[in-house]
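A.B. asks: Okay, predicted coordinates and the sequence, questions at the end:
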Amino acid sequence: MNENLIVDLEGRGVVSVTFRKLAAAKKEKIYRAILDAFGKDAFARVALESVARSAQVAKGSLVQYFSNKENLAVFGAETLFDGYQAHWERHFAVAQNGRARDRIIRFLFEEIRYWTENRAEALFYVKMMYENGAGFATSFREGFHELRLDYLHELLHSGIETREIRAGADIEVAAAMLAAFQSDFAGHIITGEKKISPEACEAIIRRSVEIVMVGLK
């Protein structure tokens, strides 16, 4: 867990100094309980008692740490987003070789795999993206959208350098189209009752990217 983020959240009144001073393992346990509670139910139906029970802390302690239920959800959302961003910073820190279209396909496929391997985070993500309308959920949605757009824009821009994409092509629109596709597809993968094989998932992503790339040549 990012302690710099915890300090920032303390400064914003989301968590208390008491929470900041907790052992890392205890903070992680509370975070996992928050993900589980808000990933299974809508914000209005989540009870502090159930989060406290899952985290194995007293309800009074939970109130002392966060003051209210909205701060619990904000902490969960900010911590999840921070971890997601750190994951992709590590991904892009490694030299990316190959054609732009292959790098885009790899990014979109790897993101689906990220959510598949991090089930609790994935369910929380879906609730925040599609079912919760509070202000913090709006900020959460916008943050993911902007980050995904930034990555896709950078990858598409590399296609101009490799001459896969014509100079002057509207990569802003292309990035927005791919980001919208990915958001919907990720939601479908996470919530769908019927599992899609990795091969089928990659094929769907590949076809979608190819359609967009055709318009950029």
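C.D. replies: Noted; the coordinates are in hand. Numbers count the residues shown, from 1 in each chain.
A.B. asks: next helix or strand past the lowest-mean-pLDDT helix or strand in the chain?
C.D. replies: One helix or strand of the chain scores below all others by mean pLDDT, DSSP states H and E: helix 135-161, with a mean of 88. As assigned by DSSP states H and E, the chain's next helix or strand after helix 135-161 is helix 171-191.
A.B. asks: quick one on the thing from earlier: what residues of the least confident helix or strand of the chain count as buried?
C.D. replies: 136-137, 140-141, 143-145, 148-149, 151-156, 158-160 (16 or more other Cβ atoms under 10 Å). No exception for glycine: its C-beta is placed from N, CA and C like everyone else's.
A.B. asks: same thing with stretch 165-175?
C.D. replies: Buried-residue list, stretch 165-175, by 16+ other Cβ under 10 Å: 165, 169, 171, 174-175.
A.B. asks: now do stretch 39-49
C.D. replies: The neighbour-count check on stretch 39-49 (16+ other Cβ under 10 Å) flags 39, 43, 46, 48 as buried.
A.B. asks: ditto for stretch 200-216
C.D. replies: For stretch 200-216, by 16+ other Cβ under 10 Å, it's 201-202, 204-206, 208-209, 212-213, 216.
A.B. asks: from memory residue 145 sits against residue 178, does it?
C.D. replies: No: between residue 145 and residue 178 no contact is recorded; they are 11.7 Å apart, counting by Cβ atoms under 8 Å.
A.B. asks: Same list (the buried residues of stretch 165-175) but as a markdown table, adding distance to residue 22 and pLDDT.
C.D. replies: Converted to a markdown table, the buried residues of stretch 165-175 look like this (distance: Cβ to Cβ, whole Å; pLDDT from 0 to 100):
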| residue | distance to residue 22 | pLDDT |
| --- | --- | --- |
| 165 | 49 | 92 |
| 169 | 51 | 88 |
| 171 | 45 | 91 |
| 174 | 45 | 93 |
| 175 | 40 | 92 |
